[in-house]
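# No sequence on hand, only this structure:
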């Protein structure tokens with residue numbers, strides 16, 4: 001009777017974590033859309049001239065839409081941390097992929113984009129694959145006692161991701177390398193957030209008081225928190241640099257793929273979340289995971305905004321000075337589109 005009650009409790013926590021992760025994905029998509037809209041409104045005047053060419057722009061913090069979007073992103077972080085505290089990281093983090101699907105659907109609805117067959121196929125492939133992966137993970141993934149040295153491994157990975165990411169960002173390394181290190185950093189931060197949250201919850205439930213706090217200190221949890229903050233900052237820095245060296249679709253797809261892949265790998269190898277996984281289940285995880293990756297890449301390829309981004313040059317005439325009119329300034333497409341591509345940095349909110 002006790003074991004049945006225990007199993008019901010575990011499944012309830014898993015179900016709640018899935019619901020929270022889905023709510024977080026939807027909140028992230030809506031919040032990103034609102035901030036995207038606020039940035040585009042700020043950076044373009046009625047004549048379509050970029051604010052950077054006019055010199056000066058309204059502070060984003062004064063725009064209600066931007067503030068509302070920020071509030072939703074904060075809520076997303078809270079929801080995702082709660083989900084990571086209740087369920088295995090290998091189960092929770094892949095659900096974040098759904099946020100890309102929701103973002104695409106919002107773009108189609110709000111901006112009146114044309115729905116193409118490849119887009120529908122990409123959405124269907126992504127959703128079916130994620131559902132399959134999460135279904136298998138829900139059956140086999142579980143949060144148990146930490147394996148010996150798990151926290152030390154995580155701290156080492158956070159340090160490695162921070163150092164490599166900082167070097168690549170500072171030297172403006174290749175576009176794909178920057179996307180890769182950012183995805184790895186965010187995935188490691190997500191796994192670390194799971195460990196920290198579950199450790200704190202376990203300490204509170206045990207009611208050990210000061211002894212529990214001492215135990216957290218002994219396991220290096222404060223060091224993990226510092227490492228998470230540094231790795232998140234470095235990851236966002238790498239993302240910003242990546243936007244200047246390649247298309248935003250590559251950045252979005254890369255982060256959406258690498259973040260959960262890294263989190264699942266850490267959950268399996270470092271945290272031991274897939275105890276008792278059968279060969280058939282492992283094959284199912286591989287197939288559904290590969291299909292989800294393919295779906296995300298196709299979504300980035302057929303994203304309505306990505307397909308219809310105009311490739312134009314905008315002429316902006318500078319104000320005449322004492323030295324005379326300096327003539328028209330050619331604004332490159334990347335500069336005109338900086339606000340649109342830069343907002344994708346908010347994907348970093350998926351790191352926790």
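Everything's here; your move. Since the structure is predicted, the reported quantities are computational estimates derived from the model, not experimental observations. Numbering: from 1, shown residues only.
# same for the one helix or strand residue 36 maps to, what does it pack against?
Here residue 36 sits within helix 2-43, counting by DSSP states H and E. If you count contacts as 3 or more C-beta pairs under 8 Å, 6 or more residues apart in numbering; DSSP states H and E, helix 2-43 packs onto helix 51-54, helix 64-86, helix 89-92, helix 98-111, helix 117-140, helix 338-342. The C-beta positions use only the backbone N, C-alpha and C, and glycine is treated the same way.
# need the least confident one among those, by mean pLDDT.
Of all the helices and strands packed on helix 2-43, mean pLDDT reaches its minimum on helix 338-342 (a mean of 39).
# Low-confidence regions, the stretch 101-250 of the chain specifically.
207-219 (pLDDT under 70).
# Just the helices from it, written as ranges.
Using DSSP state H, counting those that start in this stretch, the helices of the stretch 101-250 of the chain run over 117-140, 150-170, 175-206, 210-218, 221-243, 248-269.
# Of these, which is nearest residue 280?
helix 117-140 (9.5 Å; C-beta to C-beta).
# Flag every buried residue along the closest one.
Using 16 or more other C-beta atoms under 10 Å as the test for burial, helix 117-140 gives 119, 122-123, 125-126, 129-130, 132-134, 136-138, 140.
# Of those, just say which sits nearest to residue 300.
For the buried residues of helix 117-140, the nearest to residue 300 is residue 122 (8.7 Å; C-beta to C-beta).
# What is the burial count for the residue lying closest to the closest one once chain neighbours are set aside?
The shortest distance from residue 122 to any non-neighbouring residue, by C-beta to C-beta, 6 or more residues apart in numbering, is to residue 298 (3.8 Å). Applying other C-beta atoms under 10 Å, we find 18 residues neighbouring residue 298.
# next one: residue 156
Neighbours of residue 156 using other C-beta under 10 Å come to 13.
# Was I right to think residue 157 contacts residue 269?
No: judged on C-beta atoms under 8 Å, residue 157 makes no contact with residue 269 at a distance of 10.8 Å.
# Please, which helix or strand holds the nearest residue to residue 139 once chain neighbours are set aside?
Take residue 139 and drop its neighbours on the chain: the residue closest to it by C-beta to C-beta, 6+ apart is residue 281, 7.1 Å away. Assigned by DSSP H and E, residue 281 belongs to helix 279-302.
# contact partners of that helix?
94, 97, 100-101, 104, 116, 118-119, 121-123, 125-130, 132-133, 136-137, 139-140, 249-250, 252-253, 256-257, 261, 264, 277, 306 (C-beta atoms under 8 Å, 6 or more residues apart in numbering).
# just to revisit the earlier point, what's the spacing between the residue nearest to residue 122 and residue 292?
11 Å (C-beta to C-beta, to the nearest Å).
# what would the helices of the stretch 101-250 of the chain look like in a markdown table with distance to residue 17?
A markdown table is the format used below for the helices of the stretch 101-250 of the chain (distance: least, C-beta to C-beta, whole Å):
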| stretch | distance to residue 17 |
| --- | --- |
| helix 117-140 | 9 |
| helix 150-170 | 20 |
| helix 175-206 | 10 |
| helix 210-218 | 22 |
| helix 221-243 | 19 |
| helix 248-269 | 13 |
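# can you tell which of the ones you listed is closest to residue 83?
Short answer: helix 175-206, nearest of those by C-beta to C-beta, at 9.1 Å.
# Can you list the buried residues in the closest one?
175, 177-199, 202-203.
# That helix - contacts with which helices or strands?
Packed against helix 175-206 by the contact rule (3+ C-beta pairs under 8 Å, 6+ apart) you find helix 64-86, helix 89-92, helix 150-170, helix 210-218, helix 221-243, helix 248-269.
# How far off centre is that helix?
Remark: helix 175-206 is offset 12 Å from the chain centroid, using C-alpha atoms, centre = their mean, to the nearest Å.
# Show the contacting residues for the residue nearest to residue 254 when sequence neighbours are not counted.
Nearest non-adjacent residue to residue 254, counting by C-beta to C-beta, 6+ apart: residue 179, 3.7 Å away. Each residue near residue 179 by C-beta under 8 Å, 6+ apart is listed here: 238, 239, 242, 246, 250, 251, 254, 255, 258.
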